[in-house]
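Q: Can you look at this prediction? I've put the sequence above it.
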Amino acid sequence: MTFAIIIIVLALIFDFYNGMNDAANSIATIVSTRVLTPLQAVIWAAFFNFIAAFIFGVSVATTIGKGLVDVAIVDNIVIFSGLAGAVLLTASATHYGLPISVSHSIIGGYGGAAIAKAGFASIIISGYIKILIFVFLAPLLGFIIALIFSIITLWVVRNRSPFKVEKYFRLLQLASSGFFSLGHGSNDAQKTIGIITIVLFTNNLIGDTFYVPFWVIILSYTIIALGTLIGGWKVIRTLGMRITKLTPFGGFSAETSAGLTVIGATFLGIPVSTTHTITGAIIGVGSTRRFSAVRWGVARNILWAWILTIPLSAIFSALAYFLSSYIARSF
């Protein structure tokens with residue numbers, strides 16, 4: 001019971017870092033366009049992160065809970081090690097200002113710990129294939145939708161004065177930022193919900209049937225909202241200011257396009273990366289001006305961080321599993 005509580009606390013630490021690193025996803029555009037101050041923006045995003053709990057189901061949490069690893073081999077050490085690897089990678093990336101996919105860190109960590117215990121046979125291949133497809137599909141969808149959305153919107157406002165366009169889109173960006181934050185909360189908090197539910201199920205604390213308790217939903221959404229409220233400011237600067245220069249129009253287009261992609265994935269039960277999606281959308285918006293408006297060197301560094309997230313978190317978690325198992329045998 002004590003170990004289960006420790007794991008749940010570690011899951012909530014992961015949830016907090018999830019909100020902290022991914023705060024950039026929700027507020028980078030609205031801060032860089034100066035529609036809201038940083039403090040106003042994180043409060044705005046945290047609010048929409050939290051109310052997502054009352055709007056969306058738990059299909060993503062169910063995928064995390066029983067769609068990635070054979071539940072028969074899952075024990076407390078596997079869960080603890082998966083979380084330890086994910087927290088280590090996420091905390092390091094947040095410190096250095098890298099907008100990684102926190103979603104993929106827990107997915108890689110969980111898989112790495114399971115492989116360390118029972119080999120590759122413990123992995124549910126179909127679950128990982130679906131996620132790996134969206135590693136590439138999510139930013140591509142964000143890019144394409146943002147590009148098309150921007151072109152259509154530019155055509156609609158082509159005969160209006162720049163001053164009026166700026167004024168309207170500053171208001172519209174408030175709505176689009178809230179919409180994307182809603183999508184972020186709907187998908188990302190469910191990763192922690194899934195992990196905590198696994199702990200409860202594995203320790204026979206919710207009976208023989210896998211289901212998600214309501215208190216787990218509220219707790220997870222509260223903690224991710226707090227993480228967003230604190231904010232990972234280095235990551236926010238990377239996404240909001242270093243990739244391309246954004247206007248309120250660009251911020252509105254990027255947030256709306258990314259929000260549509262993330263919420264669509266949530267309804268399909270796919271743990272998609274909000275980081276990948278909003279980054280692709282920001283690049284798509286920048287490309288409507290000209291391709292040189294995008295700082296491709298920064299984008300390349302972010303891409304490498306994405307590629308390495310799953311294998312690095314898997315390695316960290318596998319090492320954590322071997323260390324935890326050795327300590328457990330020693331006592």
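A: Sure, I can see it.
Q: since we're on Lys164, how many residues are nearby?
A: 10 (other C-beta atoms under 10 Å). For every residue, glycine as well, the C-beta is placed using N, CA and C.
Q: next structured bit after the lengthiest helix in the chain?
A: If you go by DSSP state H, the chain has its longest helix at helix 162-202. Under the assignment DSSP states H and E, the closest C-terminal helix or strand after helix 162-202 is helix 214-230.
Q: how distant is that following helix from the center of its chain?
A: Distance of helix 214-230 from the chain centroid (C-alpha atoms, centre = their mean, to the nearest Å) equals 14 Å.
Q: what residues does that helix touch?
A: Helix 214-230 has contacts (C-beta atoms under 8 Å, 6 or more residues apart in numbering) with 12, 15-23, 26-27, 42-43, 45-47, 49-50, 52-53, 58, 181, 185, 188-190, 192-193, 196-197, 200.
Q: CA atoms of that helix as CSV?
A: C-alpha atoms of helix 214-230 as CSV (Å, rounded to 0.1, in the frame of the first residue of the first chain):
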residue,chain,number,x,y,z
PHE,A,214,-13.9,10.1,-10.7
TRP,A,215,-11.5,11.4,-8.0
VAL,A,216,-8.6,10.3,-10.1
ILE,A,217,-9.9,12.5,-13.0
ILE,A,218,-10.4,15.6,-10.8
LEU,A,219,-7.0,15.2,-9.1
SER,A,220,-5.1,14.7,-12.4
TYR,A,221,-6.7,17.7,-14.1
THR,A,222,-6.0,19.8,-11.0
ILE,A,223,-2.3,19.0,-10.9
ILE,A,224,-1.8,19.5,-14.7
ALA,A,225,-3.6,22.9,-14.4
LEU,A,226,-1.2,23.8,-11.5
GLY,A,227,1.8,22.9,-13.7
THR,A,228,0.5,25.1,-16.4
LEU,A,229,0.0,27.9,-13.9
ILE,A,230,3.7,27.7,-12.9
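Q: quick one: average pLDDT of it?
A: Mean pLDDT, computed over helix 214-230, is 82.
Q: now the angle from that helix to helix 162-202?
A: With axes from the mean of the first three to the mean of the last three C-alpha atoms, to 10 degrees defining the directions, helix 214-230 sits at 140 degrees from helix 162-202.
Q: Please spell out which residues along helix 214-230 are buried.
A: By neighbour count with 16 or more other C-beta atoms under 10 Å, helix 214-230 contains the buried residues 216-217, 219-229.
Q: again, but for stretch 260-270
A: Result for stretch 260-270 [16+ other C-beta under 10 Å]: buried residues Leu260, Thr261, Val262, Ile263, Ala265, Thr266, Gly269, Ile270.
Q: just stretch 320-327 next, same as before
A: In stretch 320-327, counting by 16+ other C-beta under 10 Å, buried: Ala320, Tyr321, Ser324.
Q: One more: stretch 37-44?
A: Across stretch 37-44, burial judged by 16+ other C-beta under 10 Å covers Ala41, Val42, Trp44.
Q: And stretch 190-208, by the same measure?
A: Buried positions in stretch 190-208, judged by neighbour count with 16+ other C-beta under 10 Å: 190-203, 206.
Q: Could you work out the most separated pair of those?
A: Gln190 and Asn203 (20.4 Å; C-beta to C-beta).
Q: circling back: check the contacts of helix 214-230 for burial and list the buried ones.
A: Buried members of the contacts of helix 214-230, counted by 16+ other C-beta under 10 Å: 12, 15-23, 26-27, 42, 45-47, 49-50, 52-53, 58, 181, 185, 188-190, 192-193, 196-197, 200.
Q: worst-scoring helix or strand of the chain, pLDDT-wise?
A: Sorting the helices and strands of the chain by mean pLDDT, DSSP states H and E puts helix 233-237 at the bottom, at a mean of 58.
Q: now the buried residues of stretch 37-44 in a markdown table, with secondary structure?
A: As requested, the buried residues of stretch 37-44 are exported to a markdown table (DSSP: H, G, I helix; E, B strand; the rest coil):
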| residue | secondary structure |
| --- | --- |
| Ala41 | helix |
| Val42 | helix |
| Trp44 | helix |
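Q: want to throw those into a markdown table with pLDDT and distance to Thr153?
A: Output for the buried residues of stretch 37-44, formatted as a markdown table (pLDDT from 0 to 100; distance: C-beta to C-beta, whole Å):
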| residue | pLDDT | distance to Thr153 |
| --- | --- | --- |
| Ala41 | 78 | 22 |
| Val42 | 76 | 27 |
| Trp44 | 84 | 22 |
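Q: Thanks a lot, see you next time.
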